[in-house]
Structures are given as structure tokens and as C-alpha cells.
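*Asks:* model the structure of this input:
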Amino acid sequence: MNERGNRKELVGVVTSDKMVNTIVVKVESFAKHAAYKRIIRRVKKFKVHDDEKKAKIGDRVRIVETRPISKDKKWRLVEVLK
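*Replies:* Okay, the predicted model is just below:
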């Protein structure tokens, strides 16, 4: 697959695989609080396209940004890291 530029890659944990060709991936990030200067954990959920249905709940996966597939899906599964 040829790359068309720099695409964002994230690593997260699958929280749901109940939809057809779609999984929900929870991605954690850490950031410093602006006022209190403490490290805080931020959690964001992404709907990810999984055409081959490889990922199951609890799997650690790598996802990459892609063209909009539906209203909410703008990411696709690259590999299951386990």
C-alpha cells in the first residue's frame, strides 16, 4: 500500500466488537494539566473499521487514520498486537 502522506497511528485496547465490521478502541494519552502541572490521563474512544473481524475484546491493536468510511469511522485496523 502506497502512502499518501503522514497518517496518524495510535495504539489502544478493543472495548467492543459487537457491530458489523466495526470495533471500538480505547486510546489512553497523558498530558500535563495547565494550571496544576500534574500529569493526567486522558481516554478517548475511536470507532475503527475492521473488515476481516480479526480483533476481539481486550486485544491491543494498532490503528491508522484513513478517509471517512461513515459518519463516525475515520480509522482502520492495521494489526493486532495482543
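
*Asks:* what about Lys53, helix or strand, and which?
*Replies:* Taking DSSP states H and E as the criterion, Lys53 maps to no regular element, lying outside all helices and strands.

*Asks:* relative to Tyr36, how far out is it?
*Replies:* The spacing between Lys53 and Tyr36, counted by C-beta to C-beta, to the nearest Å, is 43 Å. C-betas here are computed from N, CA, C, even on glycine.

*Asks:* which one of those two has more residues nearby?
*Replies:* Legend: neighbour count by other C-beta atoms under 10 Å for Lys53 and Tyr36, higher for Lys53 (12 against 8).

*Asks:* residues in contact with the more buried one?
*Replies:* Residues in contact with Lys53 (C-beta atoms under 8 Å, 6 or more residues apart in numbering) are Asp17, Asn21.

*Asks:* relative to Ala34, how far out is it?
*Replies:* In terms of C-beta to C-beta, Lys53 sits 41 Å off from Ala34.

*Asks:* flag the shaky bits of the chain, pLDDT-wise.
*Replies:* By pLDDT under 70, the weakly predicted segments of the chain are 1-4.
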